[in-house]
Structures are given as C-alpha cells and as structure tokens.
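Q: Just the structure for this:
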Amino acid sequence: MGSDSLKLIGASIFALIGFNLPDKYALWTLGIGAILVIWFAFGKYSASGQPNAEKDNIDTADSNNAEDLEKLKKVDLNSWAVQPSGYLPKNNEFEFSRTDNIQWIEPVTRTKNVLYGGVTSRVRLMKGVYWRMGSVKPLRQTTTELKVKHIGTLIFTNKRMLLLQDSGSVSQVMYGSIANIVPYTDGIGVMKSRGKDVYLTSDTFEGEKAAIVLTRLITGDLDSPTLTNNSHYQSDKMPLKELLQKMGKDPQMSTRLDTVNNFFDLHPHSEYGDLSLETLWKSYQDNPGKTRVDAGEFLNNIVSVAQTVEESTYDEGYSIRGFIGTNDFETLFAQIRHGVVEYYLLDDPKFLESFNLDESPEYDTKEERDTTASGSTSVTDEIRKFKGLLDDGIITQEEFDAKKKQLLGI
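A: Numbering: from 1, shown residues only. Prediction:
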C-alpha cells in the first residue's frame, strides 16, 4: 500500500472520529485530518510535475538519438574519407573514423587444478612401510574471462579495423574475417569467423553509431556518390594477366595464373612463407598454440593480399591461393574467395590426423592439394551446420565440441 493511500485513510479516520467527538476535541481531530488532505494534495502535485518533466527529457533524448542513428544510416560516407596517417596504408585504403582511448578486449581462457580426486587405499606391509593403491588425478577447471589486451586509437578504414597503440604497434582485424557486429551502449563486439572475438569500449564510445559505420564499411554501403565515382577511389582496374605481370616485378612475391581452374596463386617469400611443410609440422608438434598464432598472422597477410587482388581487377570467378615451402608453390597454405577462407592448412584433417600417426603429411600432387581443399570446405560446412543446431538448442555444447573434434580429427 502506497504512502498516498495511507494519507487518505488517515484523513478519513480523523474526520469520522472528529464528527463523533465532543466539540472541544472535534476541532483538533478535524484539523489533523485537514492537514493530511493538504499533505496528500501537495504530494500529488509534486509527483505530477517533476517526474513527468524528467520523463519528457528522457523521451526527447531517445528521440534525438534515434534520429541521429537514422541519419547515420543514410549519410554519404564517401565525404568522410581521408588519407591514412600513423600507419602503413594498403593499396587504395582510406580512413573514415578515428576514436582515441579505446580498450581492445579479448576473451582469455584459463585452466587450473582445483583439487585432486580419485579412489585410493593404503595397505600396511610392515611397521613403517605402506603401499598406496589406486590413482590420484587432478580435476581441472576452465574459465573464460575478458581481458584488456591493448589501449589506443581505433581506426576504421575501407579495408580493415585497426588499433594504433602509443608504442607504435598495430592490432588489426580484416573485414573478411568479421562474421557479426554486436552494438552496446559504450562499445561494440566484433564476432570473427576465425580467431578470438574482440570487444571495443570506452567511457565516451558510442557503440550503436560505431556499429552502423563499421557495418556500412564492411558491406561497401557508402552511399552515393558511389565508391567508384568518388575521386578518392578512382583506380584503374586491370585484367588478372596484367596484374600478374605487375606483381611479378616484386622479388618478395611469386605469382602464377591458372586460367583453366580459375586460380590466382601467390607465394610470399618471407621467413614464414619459405617454411617447408616438415618444419611447420615439427613446430606444430612442439608448440601447437604458438604455431597457430604465427600461422594466423601469415593467413591474415594472405587474406589482405587476396583482397587487394580482387579489388584491383575486373576479372571475376577466381580463387586466390597462398603457398609456403622452400620451392615456389610447394605446399598449399590457404585458399580465399571473396574474403572467405575456403581452405586453411592447419585446419586440414589430413594435417591434424598426421599427429596421431606420428608422421609428417605429404602432398604429392597439385590434384591432391585441390582435393584436400574441397574436402576441407565440406568439413567447414559440417561444423557450421552443427553450430546452427547448437544455437537452436537442439544439441548441447558438449555434443557440439565432440562433433567438431571428430570432424577436425583432433
């Protein structure tokens, strides 16, 4: 029961008592009742004034924010484009947004031994001599927590998202690896198709607006005038053969064109690109975690080059393949098409199964590499199918993890 109701009840009681009391007491009782009525009326007046004003302010703010978001969906982003600064730009790369003091947060998984358990028994053999039977094994607890990995200036370009740190280091996410963007009041969540998801936040960061801009940059929805008509973006697209000749002048990159099977092949000559398959296999066997991190960085470089190739030519229908090895085009490392990784060596079931056999995987022919790549695509599709079942609640997380390991041969 509210305080207003109690005031009215109290006033009514005093009024009834006052009418039934002698005159000398009735005046005092009726006076108290009148005071309660005035108190009630004043409270209603106050309540009907200030909160409504606050509500009007909130409604106005929400309305203004909604209008700003709608305008942001339609504004011509081409007019925002400026030349990059503070980092090495890619071909035809332009900067659209820059925000300072952004925290770059990633999930970190930790595993620790919480206690030891197991059935054991102790048998006395003789005085002072005992024999312990059974087993004692640790029980492990795995937890995932969000940790701030970097702090710096967040930059959105037409090709990637970067965080420029004070030390000069750069963290980046290529748009081709982003599967979804989740807006928050003070940040955004960048859900990736591979690698760790990233959360970006600060006290002054407007997450909803940032999500709209980032989504439009990823999808190429920059509004009229279109990207190709804007003077910032005018570039001479060329046939793949001409691009092949141009890239072939770079001693750090071997290229070739397969017009029969529609492949544009790249072999970067770097410390990682010149690794033999056997060296990579031994590295993965010794330290799979570090090997995956290093391989992921090399994969991002190939994806970036593939994106540049696709944007520099008007020839369509080609897949970009990246190779590693001591000889040119020795081992297929990744295959990309329209920014999507169709094949990745470290996710190849044949590569992973080789650890159970304790032998290095061998790829004897180009045809076998191509067959492996198409097989890996089907494995990826199967994993996505079971992920959909998990999201729909049809299977449990444990069932999904078991099926994923089975498909990947882990």
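
Q: Only C-alpha atoms from now on, for both contacts and neighbour counts.
A: Fine.

Q: and stretch 215-223, average pLDDT?
A: The pLDDT scores in stretch 215-223 average 83.

Q: Pull out the buried residues from that stretch.
A: Across stretch 215-223, burial judged by 16 or more other Cα atoms under 10 Å covers T215, R216, L217, I218, D221, L222.

Q: Then F298 would be within a helix, right?
A: Yes: applying DSSP: H, G, I helix; E, B strand; the rest coil, one finds F298 inside a helix.

Q: is it possible to export the buried residues of stretch 215-223 to JSON lines including distance to E311 and secondary structure?
A: Formatted as JSON lines, the buried residues of stretch 215-223 follow (distance: Cα to Cα, whole Å; DSSP: H, G, I helix; E, B strand; the rest coil):
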{"residue": "T215", "distance to E311": "19", "secondary structure": "helix"}
{"residue": "R216", "distance to E311": "17", "secondary structure": "helix"}
{"residue": "L217", "distance to E311": "15", "secondary structure": "helix"}
{"residue": "I218", "distance to E311": "14", "secondary structure": "helix"}
{"residue": "D221", "distance to E311": "16", "secondary structure": "coil"}
{"residue": "L222", "distance to E311": "16", "secondary structure": "coil"}
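
Q: quick one, helices of the stretch 301-410 of the chain?
A: For the stretch 301-410 of the chain, the helices defined by DSSP state H, counting those that start in this stretch occupy 349-357, 366-391, 397-408.

Q: swap in the chain?
A: Along the chain, counting by DSSP state H, helices occupy 3-19, 23-74, 207-219, 240-247, 277-286, 288-312, 349-357, 366-391, 397-408.

Q: mean pLDDT for the ones you listed: which is lowest?
A: helix 3-19 (a mean of 53).

Q: what pLDDT does V190 get?
A: At V190, pLDDT is 93.

Q: can you check L200 too?
A: In this model, L200 carries a pLDDT of 95.

Q: Now for it: which residues touch it?
A: Neighbouring residues of L200 by Cα atoms under 8 Å, 6 or more residues apart in numbering: I102, Q103, W104, I105, G187, I188, G189, V190.

Q: could the residues you listed go into CSV alongside neighbour count?
A: Converted to CSV, the contacts of L200 look like this (neighbours: other Cα atoms under 10 Å):
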residue, neighbour count
I102, 23
Q103, 23
W104, 20
I105, 20
G187, 23
I188, 22
G189, 19
V190, 21
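
Q: Just give me the neighbour total for L389.
A: Neighbour count of L389, defined by other Cα atoms under 10 Å: 15.

Q: Could you check the angle the strand ranked longest in the chain makes with helix 207-219?
A: Criterion DSSP state E: the longest strand present in the chain is strand 95-117. Interaxial angle, strand 95-117 versus helix 207-219 (axes from the mean of the first three to the mean of the last three Cα atoms, to 10 degrees): 110 degrees.
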